[in-house]
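>>> give me the fold of what follows.
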Amino acid sequence: MSKQLIYVHDPMCSWCFGFSKVYRLLTERLPDNVALIRLLGGLAPDTDEIMPESTRQMVRQNWRRIEEHIPGIEFNDDFWTKCQPRRATYPACRAVIAAREQGDEYDISMTRQIQKAYYQQARNPSDNETLIELAGEIGLDQERFSVHLVADHTQQRLLDEIAKARAIGVSGFPSLVLLNDDRLQTVLVNYTDVDAVLEEICCHLAPKK
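Numbers count the residues shown, from 1 in each chain. A predicted model of the protein is given here:
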């Protein structure tokens, strides 16, 4: 299909969580002639280092801004006392890819389960043990998932998706890019108004006079 809406995200990106409600509405109302493509952007690479206090404060301030900006979005601050946070989102990204191995529909369900665990249940999706638990909670074969989670080909697919996102000019998340025939057009992410997003998409799709 020559018309695609490319959504670039990271399951541990707090602003992606903030966009989740509008995103769901967008998927329900997207024009039938536009295919939705999901790409993982890879916010933070693997590390075993505990997140420094300055980074923790930055992330927590981000959470507060999102709560103030987007009605209905709440974060569970218990995460910061119950877990040992690391600035590593690649494990969660690989979990989404590993989930796809058991069906494309698990891309979204694993993403949502990671967000629920991280932001509402104070569980750490930077840990493979947590991700394997989440796989079982959404009905995946945990043994099969565990194999794919750490497989070399899963890491390579993640790197390929990151490269694709950068190739279309994406450096922040969430991002929406409309591929209209051969033209790439950035679509403004509106965190509270799906109609505004759809209107911009339709304007880009309208024939030029």
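
>>> which parts of the chain are strands?
Using DSSP state E, the strands of the chain run over 3-9, 35-40, 175-180, 183-187.

>>> tabulate those (TSV), appending mean pLDDT.
Below are those laid out as TSV (pLDDT from 0 to 100):
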stretch	mean pLDDT
strand 3-9	97
strand 35-40	97
strand 175-180	96
strand 183-187	95
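
>>> just those strands: most buried one?
Here the criterion is mean neighbour count by mean count of other CB atoms under 10 Å, and of the strands of the chain the winner is strand 3-9, at a mean of 21. All C-beta spots, glycine's among them, are computed from the backbone N, C-alpha and C.

>>> point out where this structure drops to low pLDDT.
Across the chain, the ranges flagged by pLDDT under 70 are 1, 208-209.

>>> quick check: which of the strands of the chain is nearest to residue 94?
Nearest to residue 94, of all these, is strand 35-40, at 8.7 Å by CB to CB.

>>> show me what that closest one is packed up against.
Contacts defined by 3 or more CB pairs under 8 Å, 6 or more residues apart in numbering; DSSP states H and E place strand 35-40 against strand 3-9, helix 90-100, helix 152-167.

>>> need the ones you listed in TSV (columns: distance to residue 207).
Putting those into TSV (distance: least, CB to CB, whole Å) gives the following:
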stretch	distance to residue 207
strand 3-9	13
helix 90-100	35
helix 152-167	27
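
>>> could you report the neighbour count for the spatially closest residue to residue 158 that is not a sequence neighbour?
Nearest residue to residue 158, sequence neighbours excluded (CB to CB, 6 or more residues apart in numbering): residue 93, at 5.3 Å. Per other CB atoms under 10 Å, the neighbour tally for residue 93 reads 29.
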